[in-house]
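1. need a structure here:
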Amino acid sequence: GFDRLGVAERAKCSILIMSLWSISILGFFVSSLAFQTSAQIQLAKAEMNAFRGHWDLVSGLNLASLMIASDPEPYEDSFRDSWHGEIKLPDSWKEKLSVRMEDEESKLNLNLAGEKLLAGLFEILQKDEGIRFREDTKGLVKAILKWRGGKKNQRFEFLEELLLMEEMEGEDFEKLKPYVTVSSDVTSFPVINVNTALPVVLKAIVASIPGDEFRKKEFLERLLEYREGKGEEEKIFRREELEPRLLASKLKLSPTVERIGLLNSLLPYLTTDSTTFHVSISIKDGSKKAEAVIRQREDQLKPVILFWNEDRP
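-> As a prediction, this is how the structure comes out:
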């Protein structure tokens, strides 16, 4: 046994055992170090990809902003403009990014709409669009007004704040979201762009103003018919035409006292020049996407970012 070995032999055995033990510890250390190095490399790669993805999304936003700034008719925005809908990107970007843009001023502003207008929108969405809300719409209108008129007199800073109301369920929020906004460049009326406004929003605004129901219906039908311009060249309303008699003439309506009064009530709600836009950006490999609301006037090279949310699909 070990006890019978000589001093020299025992020393050799001890050295051998210590050597094997050291090699074992060293192997474990090297293996652990290799694992940590590999993990750090993978983490660094992930961080770099996230960084590149972020700046790709920012590039998409800049391309959208450039489309707005390049609009040849900045005072008359239209849903036929090149910036509206799916944007045609330069060759260097079209294989990497997808960018969609819509006019926020085509929607109803929840921070500025009165009770009658809000109730009218919900009613039209249910009647004309067949949308069924889980919660009672009267309760939703009251909750919106309560939020705005509470002790802090607060405004909705972004749409998702609607989900903080007890009355708003996620399903109802998704149904309402395409028709409303909380961003505006004005502070008095819920102004909409007459050239891009969603028909249900236009109908809700026309229905909310005082006047004969038949005349209001007549005006709305003429307006939508003119805007569609079926079988003809593009038809849009010009800024200088937002005047009662000019607008009546454009829609081929005789300028009676009743019609002029109706248009005088409606015109504070209308514009042709939008400054607030919603941008959806996604990387085509599915790695990241972003949603933004920007404000950009014709004299601005860079937009003001009102809302930015970046996430994985």
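2. residue 265 - how many residues pack around it?
-> 16 (other Cβ atoms under 10 Å). C-beta here means a position set from N, CA and C on the backbone, and glycine is covered the same way.
3. and it, how far is that from residue 308?
-> Using Cβ to Cβ, to the nearest Å, residue 265 is found at 37 Å from residue 308.
4. same question, residue 214
-> For residue 214, the distance to residue 308 - Cβ to Cβ - is 46 Å.
5. those two: which has the busier surroundings?
-> A count of neighbours by other Cβ under 10 Å puts residue 308 above the other of residue 214 and residue 308, at 15 against 8.
6. and that one, what does it touch?
-> 290-292 (Cβ atoms under 8 Å, 6 or more residues apart in numbering).
7. tell me the SS of residue 278?
-> strand (DSSP: H, G, I helix; E, B strand; the rest coil).
8. contacting residues for it?
-> 101-104, 181, 291-293.
9. and the two most separated of these?
-> 103 and 291 (15.3 Å; Cβ to Cβ).
10. neighbour count winner among these two?
-> Neighbour totals were compared for residue 103 and residue 291, and residue 103 leads with 24 against 16 (other Cβ under 10 Å).
11. so what's that one closest to, chain neighbours aside?
-> residue 196 (4.3 Å; Cβ to Cβ, 6 or more residues apart in numbering).
12. with residue 177 instead?
-> residue 159 (6.2 Å).
13. could you give the number of residues near the one you found?
-> 19.
14. please begin residue numbering at 30 from this point
-> Fine by me, first position is 30 from now on; the one you just mentioned is residue 188.
15. for it, what are its contacts?
-> So residue 188 contacts 202, 206, 209-211 (Cβ under 8 Å, 6+ apart).
16. and those residues as JSON lines, adding pLDDT and distance to residue 116?
-> As requested, the contacts of residue 188 are arranged in JSON lines below (pLDDT from 0 to 100; distance: Cβ to Cβ, whole Å):
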{"residue": "202", "pLDDT": "96", "distance to residue 116": "26"}
{"residue": "206", "pLDDT": "95", "distance to residue 116": "21"}
{"residue": "209", "pLDDT": "97", "distance to residue 116": "23"}
{"residue": "210", "pLDDT": "96", "distance to residue 116": "20"}
{"residue": "211", "pLDDT": "94", "distance to residue 116": "24"}
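17. and the residues you listed, which two are furthest apart?
-> Pairwise across those, and taking Cβ to Cβ, the largest span is found between 202 and 210, at 13.6 Å.
18. so between those two, which is more surrounded?
-> A count of neighbours by other Cβ under 10 Å puts residue 210 above the other of residue 202 and residue 210, at 26 against 17.
19. which SS class is residue 217?
-> Assignment for residue 217 (three-state DSSP): coil.
20. isn't it up against residue 141?
-> Yes. Between residue 217 and residue 141 there is a contact under Cβ atoms under 8 Å: 7.1 Å.
21. any idea how far stretch 243-259 is from the chain center?
-> Relative to its parent chain, stretch 243-259 has a centroid offset of 28 Å by Cα atoms, centre = their mean, to the nearest Å.
22. now it - C-alpha only, CSV.
-> What follows is stretch 243-259, C-alpha atoms only, in CSV (Å, rounded to 0.1, in the frame of the first residue of the first chain):
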residue,chain,number,x,y,z
PHE,A,243,-81.8,66.5,-44.9
ARG,A,244,-79.4,69.3,-45.8
LYS,A,245,-76.6,67.8,-43.7
LYS,A,246,-77.1,64.4,-45.4
GLU,A,247,-77.2,66.1,-48.8
PHE,A,248,-73.9,68.0,-48.1
LEU,A,249,-72.1,64.8,-46.8
GLU,A,250,-73.1,62.8,-49.9
ARG,A,251,-71.9,65.5,-52.2
LEU,A,252,-68.7,65.9,-50.3
LEU,A,253,-67.8,62.2,-50.4
GLU,A,254,-68.9,61.8,-54.0
TYR,A,255,-66.7,64.7,-55.1
ARG,A,256,-63.7,63.5,-53.1
GLU,A,257,-63.9,60.0,-54.6
GLY,A,258,-63.9,61.5,-58.1
LYS,A,259,-64.9,58.3,-59.8
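23. okay, and the beta partners of the residue nearest the centre of the chain?
-> For the chain, the residue nearest the mean C-alpha position is residue 307 (4.1 Å; Cα atoms, centre = their mean). Taking DSSP bridges as the rule, residue 307 bridges to residue 131, residue 322.
24. and it, what pLDDT?
-> Residue 307 carries a pLDDT value of 95.
25. any idea how far it lies from residue 258?
-> Residue 307 is 25 Å from residue 258, by Cβ to Cβ.
26. which residues of the chain fall in helices?
-> Taking DSSP state H, the helices of the chain run over residues 36-98, 120-123, 144-157, 166-178, 199-205, 228-237, 242-257, 273-279, 286-295.
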